[in-house]
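Structure of the sequence below:
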Amino acid sequence: MDKKRDINWELLVKYLDNEMNDREKQLMIDLIQSDTDYARLISDLQGPWNAIKKQPNMIHVNTDAAWEKLKKRIEQDRAETKKEKTVRFTSGQRIVPYFLRIAVILVFASGLSYVLYRTLIQPDRNQRILTVNSSTDQSMESTLPDGSTVLLKAQSKVEFKQQASGTREVILQGEAFFDVVHKPDEPFIVITNQARIEVLGTAFSVQVDQNNNLVIVLVESGRVLLSERSGKEQSMVIDPGQMGIVSKEGIKQEENQNINYLAWKTKKLVFRETLLEDVINDLNHTFGTNIVYGDARMATCRFTGTFYNQPVDTLLQVLKTAFNLDVEYSRSQITLVGEGCE
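Residues are numbered from 1 along each chain as shown. Sure thing, here's the model as predicted:
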């Protein structure tokens, strides 16, 4: 986007200074949803804008003067970086040169390809072993040696072993979605610290929730046999559209009521008069964030919106505009500050 030509600077100033009427708020929400550059620019400008407003000896803030000062700072930054395009990774991280970011991505990708290459072409003669570790903030898809595919959520890991007998065994840490190739004589088994999931050919997700000591299996198609590993030897067949949950109390099956449960895979979030508490839970599960609200009354606010392949910063800016919130970033969490909707 050509910022000089396309950005509505007057509206942006009102947003930063929290002086928009309802029509302008809706316009800003539409702009943020349709163009992620707005969300990134707002994130970049919010800190300097607040700093200017908080300068000592300024009892009454002159908005026009503050804006002129901020624009001068922007132009100065552009002049200093004329030959070096910059981007921001996430809130709280410093701006780095674009070419350096690309170089890091290429080096990482090359290294990962090398590891997979070494693993795949030099397996043990009695086992075919592959380890995939998604240690970045992005999900990663991989094809297993048997032709099945696995989509790993960020910060997750799988180890695939195919025994000489033909049994396909996957050890999972974190969360993943599997699309399993049907091989009746070669059972496909996923093992976690608490559960064992056996299939012949199906598509399903497995979430290992270490914080709550849970294993959650959502079946998209086919059926899986879910068993405990605690010695109780309980097991249950999980049908399509159902969730199997393993906890210290045992195994239970329930219908999946959350349309956003696999949003980390589909990249789509849908909210229909959804409680803000549930919106925040979905954002945290999808993006691996730790978003909290400062006032319990905010939990009863309701939000409607649909987002496809949008970064979490965009969604936070929309929530900020819709409910007159402030978004505060710290090292360990993101706090939404507001008065609630009661």
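
Around residue 303, count how many other residues there are.
Applying other C-beta atoms under 10 Å, we find 19 residues neighbouring residue 303. Any C-beta I mention is one placed from the backbone N, CA and C, and that applies to glycine too.

Tell me how far it lies from residue 19.
Counting by C-beta to C-beta, to the nearest Å, the separation of residue 303 from residue 19 is 22 Å.

now do residue 278
Here residue 278 is placed at a distance of 30 Å from residue 19 (C-beta to C-beta).

If you count surrounding residues, which of the two has more?
Using other C-beta under 10 Å as the criterion, residue 278 and residue 19 rank with residue 278 on top: 15 against 10.

helix or strand for the more buried one, which one?
helix 276-287 (DSSP states H and E).

can you pull the buried residues of that helix?
276, 279, 280, 282, 283, 284, 285, 286, 287 (16 or more other C-beta atoms under 10 Å).

CA atoms only: put the helix or strand hosting residue 327 into CSV for me.
Counting by DSSP H and E, the element that carries residue 327 is strand 326-329. What follows is strand 326-329, C-alpha atoms only, in CSV (Å, rounded to 0.1, in the frame of the first residue of the first chain):
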residue,chain,number,x,y,z
ASP,A,326,-6.5,0.2,25.3
VAL,A,327,-4.1,-2.6,24.4
GLU,A,328,-1.1,-2.9,26.7
TYR,A,329,1.8,-5.2,25.8
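
Which strands and helices lie in contact with the helix holding residue 278?
For helix 276-287, the elements it packs on are helix 263-266, strand 268-275, strand 291-293, strand 302-308, helix 312-323, judged by 3 or more C-beta pairs under 8 Å, 6 or more residues apart in numbering; DSSP states H and E.

For residue 226, give its distance to residue 179.
Per C-beta to C-beta, residue 226 is found 18 Å from residue 179.

which of these two has more neighbours?
With neighbours defined as other C-beta under 10 Å, residue 226 and residue 179 compare such that residue 226 has more, 28 against 19.

where does the stretch 51-200 of the chain have low pLDDT?
51-129, 135-136, 200 (pLDDT under 70).

if you set the cut-off to 50 instead, what comes out?
For the stretch 51-200 of the chain, applying pLDDT under 50 flags the ranges 55-63, 81-126.

Which residue ranges of this protein form helices?
If DSSP state H is used as the criterion, the helices of the chain fall at 3-6, 9-16, 22-34, 36-53, 63-80, 98-121, 263-266, 276-287, 312-323.

who's in contact with residue 248?
Residues counted as contacts of residue 248 (C-beta atoms under 8 Å, 6 or more residues apart in numbering) are 213, 230.

actually residue 154, not the one I wrote
134, 136, 137, 138, 139, 264, 288.

Name the member of the residues you listed that has the highest neighbour count.
Counting neighbours by other C-beta under 10 Å, the top entry in the contacts of residue 154 is residue 134, with 23 neighbours.

Tell me how far it lies from residue 25.
37 Å.

hmm, back to that, starting from the strand holding residue 327, tell me which strands it pairs with and how they run.
Neighbouring strands of strand 326-329 in its sheet, by DSSP bridges, are strand 334-337 (antiparallel).

Using CSV, write out every CA atom in the partner strand.
The C-alpha coordinates for strand 334-337 follow below in CSV (Å, rounded to 0.1, in the frame of the first residue of the first chain):
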residue,chain,number,x,y,z
ILE,A,334,-1.3,-8.7,26.3
THR,A,335,-3.9,-6.8,28.5
LEU,A,336,-7.1,-5.3,27.2
VAL,A,337,-8.0,-2.3,29.3
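
buried set for that strand?
334, 336.

what comes into contact with it?
The contact list for strand 334-337 (C-beta under 8 Å, 6+ apart) reads 91, 280, 289-295, 298, 316, 319-320, 325-328.
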